[in-house]
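Student: I'd like to go over a predicted model; first the sequence, then the structure.
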Amino acid sequence: MADTDKPLLIKRYASRRLYNTETSDYVTLEDIAGFIRAGRDVTIVDLKSGDDLTRQYLLQIIAEHESKGDSVLPINVLTDLVRSYTTEVQSVVPQFLAASFEMLREGQSKVMENIGAFPNPITAMPGFDAMKRQQEAFMKTMMAGWPAGAAKARDDSEDGGAREELAEIKKQLADLQAKLSRL
């Protein structure tokens with residue numbers, strides 16, 4: 001029986017075929033996505049060079065699902081991710097995303113336990129307020145990092161437009177959380 005505490009090692013051959021070292025057979029990207037959905041960590045390495053290709057293949061899995069209509073990431077979130085690669089905000093994004101998903105994972109199991117007890121389980125999710133505050137701070141930081149965003153952030157705080165923007169972010173967060181809970 002395989003040790004599921006250790007990441008599943010997948011080797012990529014020169015032919016670009018992916019080889020599962022535990023079962024000694026070839027696998028597809030969909031197979032790898034299935035392992036991950038089942039809770040298994042996966043490491044993908046190039047057989048010849050030893051380079052870690054895990055990030056590249058995980059991004060490819062996400063891109064394929066998005067292109068099939070399994071959209072989890074709204075266009076504006078994808079746009080903001082692209083922008084984050086060209087600003088000093090780049091260093092904040094990975095930590096923010098990791099913390100947000102960790103909070104979501106922790107809260108998701110509690111939400112599922114209490115799904116019938118609350119009229120709206122998303123807003124009753126443990127840590128929802130903390131996650132909301134963290135995301136508001138993140139958006140403020142991101143917007144301040146962009147030349148056009150800094151002026152817009154100042155204007156929004158002066159004229160109340162930030163409330164509308166916050167309401168939109170809350171709606172998008174609720175939509176994302178609903179999709180994740182369905183998974």
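Tutor: Nice, I can see it. Residues are numbered from 1 along each chain as shown.
Student: burial of residue 128, as a residue count?
Tutor: Neighbour count for residue 128, taken as other C-beta atoms under 10 Å: 19. Quick note: C-beta positions are derived from backbone N, CA and C, even for glycine.
Student: and it, how far is that from residue 103?
Tutor: 9 Å (C-beta to C-beta, to the nearest Å).
Student: What of residue 85?
Tutor: 24 Å.
Student: Tell me which of the two has more neighbours.
Tutor: residue 103 (17 against 9).
Student: packing partners for the helix or strand harbouring that one?
Tutor: Assigned by DSSP states H and E, residue 103 falls within helix 93-113. Applying 3 or more C-beta pairs under 8 Å, 6 or more residues apart in numbering; DSSP states H and E, we find helix 93-113 packed against helix 128-145, helix 161-182.
Student: Can you flag the weakest of the ones you listed by average pLDDT?
Tutor: Lowest mean pLDDT of the helices and strands packed on helix 93-113: helix 128-145, a mean of 67.
Student: and residue 126, how many neighbours does it have?
Tutor: Neighbours around residue 126, by other C-beta under 10 Å: 15.
Student: ugh, typo on my part, it should be residue 104
Tutor: Residue 104: 19 surrounding residues under other C-beta under 10 Å.
Student: which residues touch the helix or strand that contains residue 63?
Tutor: In this structure, residue 63 sits in helix 54-67 according to DSSP H and E. Applying C-beta atoms under 8 Å, 6 or more residues apart in numbering, the contact partners of helix 54-67 are 29, 32, 33, 36, 42, 43, 44, 45, 72, 73.
Student: closest to residue 93 among these?
Tutor: Minimum distance to residue 93 across those is 13.3 Å, recorded for residue 73 (C-beta to C-beta).
Student: how close does the closest one get to residue 99?
Tutor: 17 Å.
Student: Equivalent analysis for residue 84, please.
Tutor: Residue 84 is 15 Å from residue 99, by C-beta to C-beta.
Student: which one of these two has more residues nearby?
Tutor: Higher neighbour count among residue 84 and residue 99: residue 84, with 20 against 15, using other C-beta under 10 Å.
Student: quick one: the more buried one and residue 93 touch, right?
Tutor: Yes: taking C-beta atoms under 8 Å as the definition, residue 84 is a contact partner of residue 93 at 4.4 Å.
Student: Walk me through the domains of the protein.
Tutor: 8-67, 75-182 (automatic domain parsing).
Student: now the end-to-end length of the last one.
Tutor: To tie it back to what came earlier, the one meant is domain 75-182. End-to-end distance for domain 75-182, by C-alpha to C-alpha, to the nearest Å: 20 Å.
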